[in-house]
Each structure stands twice: as structure tokens, then as C-alpha cells.
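> what follows is a predicted protein model with its sequence.
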Amino acid sequence: MGTFKRHISRLLAHLRKTKEPVILTIDGEATIIVQDVESYQALLVAKEQMKTIEGIRRGIETLKAGSGKTSEDFFKEFFSKHKITEE
């Protein structure tokens, strides 16, 4: 942490240039990760994409196992239950 404080300008320039996170330690133990905003945002997008892919995978496995419904059956049931007419 002391090195970070002493060389903050250089470390921030390094972050901007490399887009790689910097791990800060206290007494040799990783404590904080510093990352540029653009890379962090990309990480959040990737996380959302992974969650979406996992949801799709679970849906496919459910259908393969014989449980679950097709989207056509789901919407027929949903529209009927909520008294929504198809136009």
C-alpha cells in the first residue's frame, strides 16, 4: 500500500496503458484490487453474459430432461391465465 501511495501517478498511468488490474497488498496479503473503469465495465458485461448463458444452459437441460415447457406452450398458458387475447 505504501508503494501505491508513493507512486500513484505511475501506477495510474500503468493502469490506463495496460488495462490490467493492480493488486495492492498490506503485510504481503492481497487486500485491494485497483482497476480502470473501462476494464471494470467490461468485466460486468462479461459477468452478465455468463449468467445469461448459464440460464440458457439450464433451460436446455430442463427440456432435455423432459420437464419444462416450450415457449409456445408457456405463452398459450400465460395468455389464458391472464385473459390476454392474441391479436
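Received, thanks.
> could you give the mean pLDDT of the helix or strand hosting residue 52?
For residue 52, the host element (DSSP states H and E) is helix 37-64. Averaged across helix 37-64, the pLDDT comes to 94.
> just the buried positions in that helix, please.
Within helix 37-64, no residue counts as buried by 16 or more other C-beta atoms under 10 Å. Where C-beta positions appear, they are placed from N, C-alpha and C, glycine not excepted.
> centre of the chain to that helix, how far?
6 Å (C-alpha atoms, centre = their mean, to the nearest Å).
> elements contacting it?
On a contact count with 3 or more C-beta pairs under 8 Å, 6 or more residues apart in numbering; DSSP states H and E, helix 37-64 meets no helix or strand.
> outline the domain layout of this structure.
Using automatic domain parsing, the domains assigned to the chain come out as 1-35, 36-87.
> centroid-nearest residue for this structure?
Centroid-nearest residue in the chain: residue 47, 1.5 Å away (criterion: C-alpha atoms, centre = their mean).
> what about that residue, distance to residue 20?
Applying C-beta to C-beta, to the nearest Å, one obtains 18 Å for the distance of residue 47 from residue 20.
> could you do residue 52 as well?
From residue 52 to residue 20 the distance is 26 Å (C-beta to C-beta).
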